[in-house]
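In: show me how the following folds:
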Amino acid sequence: MNLGRLQFLGTGTSQGVPMIGCSCAVCRSEDPRDQRLRCSVWIQTPESSLLIDTSPDFRTQALRAGIQSVDAVLYTHAHADHVLGLDDLRCFCERENRSMPIYSHPETLKQIQGIFPYAFFPKVRVSTYVQVDPIAVESTFELGGWRITPLKVEHGSIQTYGFLFDRKEGKRFVYLSDCKQLSEEVIERVRGVDYLIIDALRQKPHPTHLSIEESIEVAKKIAAKQTYFTHLTHHHTHCERERMIPEGLSIAIAYDRLEIEL
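Out: Below is the predicted model of the structure:
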């Protein structure tokens, strides 16, 4: 049953691909799949239009995807590559004369407020400025026809949050863009999900992100019907990454503008 679609607005790491000032083979690649804006996804269903994160590239992403409305945004954490596009939500606030609901862990909302204080507590409401309605979530909640569960994961020395999206039809997808370790509790909670979207930074191990090999092992445990790797650096081309996936595994390399049916 097709419940809508998910589009990868961006699949790159914090500096994007190509990187500024870099002339490596990947940054010079003519394969459009090697051109990666910062990480975000758009979930569109008959009931709602939702975002996970607003990267610094959100304006470009929204224009090329043709996003006409956004009902709410979920934030994984407050790192710059995941939140700095928040101000570009202003067009939706202005068009519909409303605040934008944003959902995240209380500490993440506090950190975002420190970056965009004017969006949280405007002295005067001005329709052309972004204004948010922060909603703290630490347990399962319902939004836009989805049952959404925040999942705490380790991202180096900080905690970030993934999101599991359920419908009555079952566990549809889980989004884990920035993580180094998943607890057994989280793995068990998402086991057998239709789509796993997970961090797979590069081949060489990294202190705060899963490597390709580590992500493959996690994917085997979760046993999703289909896994997509995201949050990717310029260290490998798309084709090189595809060759790193052992045969027989339902794992694909995500790329910007890729769409999956939910």
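In: low-confidence stretches in the stretch 151-262 of the chain?
Out: For the stretch 151-262 of the chain, applying pLDDT under 70 flags no range at all.
In: next, W146: phi, psi?
Out: phi -110, psi 150 (degrees, to the nearest 10).
In: what does the one 3 residues further on give?
Out: Note on T149: its backbone torsions stand at phi -120, psi 120 [degrees, to the nearest 10].
In: T108 now?
Out: Torsion angles, degrees, to the nearest 10, at T108: phi -70, psi -40.
In: for it, the count of nearby residues, please.
Out: By other Cβ atoms under 10 Å, the residues close to T108 number 26. The way it works is simple: take the backbone N, C-alpha and C, and place the C-beta from them, glycine included.
In: OK, contacts around it?
Out: Listed by Cβ atoms under 8 Å, 6 or more residues apart in numbering, the contact set of T108 reads 75-78, 161.
In: per-residue pLDDT, it?
Out: T108 is assigned 97 on the pLDDT scale.
In: hmm, back to that, which pair of the contacts of T108 spans the longest distance?
Out: A78 and Y161 (10.7 Å; Cβ to Cβ).
In: these two: which is more packed in?
Out: A direct count of neighbours by other Cβ under 10 Å for A78 and Y161 places Y161 higher, at 26 against 21.
In: part of a strand, is the more buried one?
Out: Yes - under DSSP: H, G, I helix; E, B strand; the rest coil, Y161 falls within a strand.
In: could you find the closest non-adjacent residue to it?
Out: Once flanking residues are discounted, Y161 sits nearest to P150: 4.7 Å by Cβ to Cβ, 6 or more residues apart in numbering.
In: do you know how far that neighbour is from Q159?
Out: From P150 across to Q159, the span is 11 Å (Cβ to Cβ, to the nearest Å).
In: which residues are common contacts for these two?
Out: In contact with both P150 and Q159: H105, using Cβ under 8 Å, 6+ apart.
In: between these two, who's got more neighbours?
Out: Each of P150 and Q159 has its neighbours counted (other Cβ under 10 Å); P150 has more, 20 against 14.
In: contacts only, for I148.
Out: Applying Cβ under 8 Å, 6+ apart, the residues near I148 are 74, 103, 137, 140-142, 163-166.
In: turn these into CSV, including distance to Y228 and secondary structure.
Out: Formatted as CSV, these follow (distance: Cβ to Cβ, whole Å; DSSP: H, G, I helix; E, B strand; the rest coil):
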residue, distance to Y228, secondary structure
L74, 18, strand
Y103, 22, strand
V137, 24, coil
T140, 23, coil
F141, 24, strand
E142, 25, strand
F163, 15, strand
L164, 15, strand
F165, 14, strand
D166, 18, strand
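In: where along the stretch 51-200 of the chain do the helices fall?
Out: For the stretch 51-200 of the chain, the helices defined by DSSP state H, counting those that start in this stretch cover 58-65, 80-83, 90-96, 106-115, 117-120, 184-190.
In: show residues contacting the third one.
Out: Okay, so that is helix 90-96. Against helix 90-96 from outside (Cβ under 8 Å, 6+ apart): 69-70, 99-100, 127-131.
In: what's the neighbour count on E138?
Out: 12.
In: I meant T45, not that one.
Out: Counted with other Cβ under 10 Å, the neighbours of T45 add up to 18.
In: wait, it touches F173, no?
Out: No - look at T45 against F173 with Cβ atoms under 8 Å: they stay out of range, at 11.9 Å.
In: now do the shared contacts for these two.
Out: L262.
In: quick one: closest of the helices of the stretch 51-200 of the chain to L50.
Out: helix 90-96 (12.1 Å).
In: pull out the buried residues from that closest one.
Out: 90-93 (16 or more other Cβ atoms under 10 Å).
In: just stretch 70-83 next, same as before
Out: 70-79, 81-83.
In: export stretch 168-186 to CSV, keeping only CA atoms.
Out: C-alpha atoms of stretch 168-186 as CSV (Å, rounded to 0.1, in the frame of the first residue of the first chain):
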residue,chain,number,x,y,z
LYS,A,168,-1.3,0.7,11.4
GLU,A,169,0.3,-1.2,8.5
GLY,A,170,3.5,-1.6,10.4
LYS,A,171,6.9,-0.1,11.0
ARG,A,172,7.5,1.9,7.8
PHE,A,173,10.8,3.6,8.2
VAL,A,174,13.5,4.7,10.7
TYR,A,175,15.8,7.7,10.1
LEU,A,176,19.2,7.6,11.9
SER,A,177,21.3,10.2,10.2
ASP,A,178,24.0,10.9,12.8
CYS,A,179,25.1,8.0,15.1
LYS,A,180,28.1,6.0,16.2
GLN,A,181,26.4,3.4,18.3
LEU,A,182,22.9,1.9,18.6
SER,A,183,21.8,0.3,21.8
GLU,A,184,20.4,-3.2,21.7
GLU,A,185,17.1,-1.7,22.8
VAL,A,186,17.0,0.6,19.8
